[in-house]
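**Student:** kindly return the folded structure for what I paste below:
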Amino acid sequence: MSGNAIVMVLFLAFSAVLIQASSVPSMSEEITSTSNINNNNMADLPLSKDDECHLDNNNNHNNVADGTACSFSALQTKGRRVDNNNNNDNNNHYGTSMQGCGPCSHHEEKITEPWKTCAAKENRCCHACGVWSAVNSRAYPVSGGCVDLNDKVVPTAPCGGVEGITASTSADFDSLWRYASKKTRASPGWALIVNPWLARTQHQMHIVVKPLDDRGHALVRRLEKITACRSGGSWHPARFGCPNSRAKLYRSLPPVFSEVFSMASDGAMGKLILNPAGQPTLASVGITLLYICGGKPVVIATGNGNGGCSIEHSITR
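**Tutor:** All right, here's what the predicted structure looks like:
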C-alpha cells in the first residue's frame, strides 16, 4: 500500500469516530431530561408497581427511599385521592344516602329507632326496611291492605312488628292472618309465623309462610294430642321451643292478634314489654298458625319474656 493510501484510510477512520461521538448525549443532558419529566409531569405518571413512588425533596424531610416506604407512600397517595372524590356517608345503609337516617344498629334487624316504623326518617334507609321498600315499590300483588311478597305476607300500613300490637291496634292487623291462610289454602303442611322483635331481620310486620319439615309435622301430631282435636276451651301449655308456650285449637280462623293479646295480657306469656306510651305490647311474643285435626287452625304463642325466642327454624325448612 502506498503512503497516500495509508493516510486516506487513517483519515476516514478518525472521521467515523468523531461522527459517532457527536450522536451520543452527555450524561448531564440525560439527567436533565429525566428530571424534567419527573418534575413537570409527575401527576401524569401511573403507579405501575407497588414500590414506585416519587419523592418530593421539599416535603420528604427524611428522604426515605427504601422500597417498603415507597410502596406505603404510593398506597397512601392513592387512598387520599379516593377519599377526596367520595363522600363517605355513615348513614348509607340501604344503597342511598338519606338525611337524618341511621345509625342502623339496634336489635338483630339493625334498626335506628325500634319503636318507630320504617316510614320514619330515622329508619327508612336501614336494610331492615327492605320489606317496607318492597311494599312501596308496587311490584307485588295487593289485596285488602295486604301485600304478597312470595314467602311473606305484609300489611300496606307501616308497622314495625309485634311491638306494634296493643289492645287498641290488634284488630287492625287481624286480616293479615286471613290473607296468609288463603295463600296456603289452609294446608296442614304449612306454617304461618310472626317472630318476636329480637328474632327477625325485617322491621315491617310480616307473616312468614313456610313449609313444615319433619320436626314441624311432629309438632302437629303433638298438638293433636294436647288439644285432643277439640276446639274451643282454654289455652293449653304447649311445652315447645320457648319457656312460655301456649296453644289453642279453633273451629275456624280467629282474629289471631286479638286472641293472643287477650291471653297474654293476663300474664300467661310473662310480663309484656311496654311501648314508650306505657301500653303493653306483644313485642316479646312469637305467633305460629298451623292447621291440624283435619283442617282446624291452632294458634301457638311462644316467648321467653324478652323477645328473643322463635320456633321458625325449629319447625320449617
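
**Student:** check whether residue 227 really touches residue 299, as I assumed.
**Tutor:** No. Under the criterion of CB atoms under 8 Å, residue 227 lies out of contact with residue 299, with a separation of 10.8 Å. Bear in mind the C-beta positions are built from the backbone N, C-alpha and C, glycine included.

**Student:** any shared contact partners between those two?
**Tutor:** Shared contacts of residue 227 and residue 299 (CB atoms under 8 Å, 6 or more residues apart in numbering): 247, 248.

**Student:** in what helix or strand does residue 262 lie?
**Tutor:** With the criterion set as DSSP states H and E, the secondary-structure element containing residue 262 is helix 256-264.

**Student:** run through who's touching that helix.
**Tutor:** Where contact means CB under 8 Å, 6+ apart, the residues beyond helix 256-264 that reach it are 165-167, 170-171, 173-174, 176-177, 235, 246, 248, 269, 272, 280, 282, 285, 287, 289, 299, 301.

**Student:** just the ones of those residues in strands?
**Tutor:** When strands are assigned by DSSP state E, the members of the contacts of helix 256-264 inside them are 246, 248, 285, 287, 289, 299, 301.

**Student:** let me know the pLDDT of the fifth one.
**Tutor:** In this case it means residue 289. On the pLDDT scale, residue 289 is placed at 99.

**Student:** okay, helices next: where are they in the protein?
**Tutor:** Counting by DSSP state H, one finds helices in the chain at the ranges 3-22, 27-40, 67-85, 130-136, 175-184, 214-227, 256-264, 312-315.

**Student:** of these, which shows the lowest average pLDDT?
**Tutor:** Lowest mean pLDDT within the helices of the chain: helix 67-85, a mean of 29.

**Student:** show me the contacts for the residue lying closest to residue 213 once chain neighbours are set aside.
**Tutor:** The shortest distance from residue 213 to any non-neighbouring residue, by CB to CB, 6 or more residues apart in numbering, is to residue 317 (4.0 Å). Neighbouring residues of residue 317 by CB under 8 Å, 6+ apart: 210, 211, 212, 213, 216.

**Student:** pull out the buried members of those.
**Tutor:** Using 16 or more other CB atoms under 10 Å as the burial test, the contacts of residue 317 include 210, 212, 216 as buried.

**Student:** ok, the last one to residue 230 distance?
**Tutor:** Read that as residue 216. Note on residue 216: its distance to residue 230, by CB to CB, to the nearest Å, is 22 Å.

**Student:** also the second one?
**Tutor:** Taken as CB to CB, the spacing of residue 212 relative to residue 230 amounts to 22 Å.
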